[in-house]
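1. Fold the following for me, if possible:
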Amino acid sequence: MLNTFERKILRRIYGRTQEGACWHPGWNGELYSLHSELYSLHSELYSLHSELYSLHSELYSLHSELYSLHSELYSLHSELYSLHLNCTVYTRSQTSWRTLELED
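-> So this is what the prediction gives:
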């Protein structure tokens with residue numbers, strides 16, 4: 001139920017309604033129905049907001065996991081590339097790879 005002040009504010013917001021040729025301030029029943037519609041919309045928006053927040057949290061955790069995996073893959077790639085540079089060399093005069101012995 002709405003109290004007097006709330007009904008007064010709602011009447012100010014929604015204004016007068018016209019029935020035929022007469023204008024009247026919103027009846028209590030009309031205000032109650034408008035208020036219940038607004039309340040149900042507010043509840044739906046709140047539940048959608050909660051769902052979006054949970055999805056955002058899941059996406060953030062997945063992003064964090066992907067970032068850590070990316071860092072690991074980058075370090076592995078760097079190690080493999082350095083091993084490749086240290087172990088093999090391509091010669092232009094030959095069409096094959098030649099393995100070099102690493103000096104200690």
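2. The protein: strands as residue ranges?
-> 16-19, 22-25, 88-90, 97-99 (DSSP state E).
3. Show me what the second one is packed up against.
-> Applying 3 or more CB pairs under 8 Å, 6 or more residues apart in numbering; DSSP states H and E, we find strand 22-25 packed against strand 16-19. Every C-beta, even on glycine, is put in place using the N, C-alpha and C of the backbone.
4. avg pLDDT for the strand it packs on?
-> For strand 16-19, mean pLDDT rounds to 80.
5. Please apply the same query to stretch 55-75.
-> The model assigns stretch 55-75 a mean pLDDT of 95.
6. Can you list the residue ranges for helices in the chain?
-> With DSSP state H, the ranges of helices along the chain come out as 4-14, 28-87.
7. what comes up buried for the shortest one?
-> Meaning helix 4-14. Across helix 4-14, burial judged by 16 or more other CB atoms under 10 Å covers 7, 10, 11.
8. tell me which of those residues is nearest to residue 45?
-> Nearest to residue 45 among the buried residues of helix 4-14 is residue 10, at 18.9 Å by CB to CB.
9. so that closest one makes contact with residue 26?
-> Yes: between residue 10 and residue 26 there is a contact under CB atoms under 8 Å: 6.8 Å.
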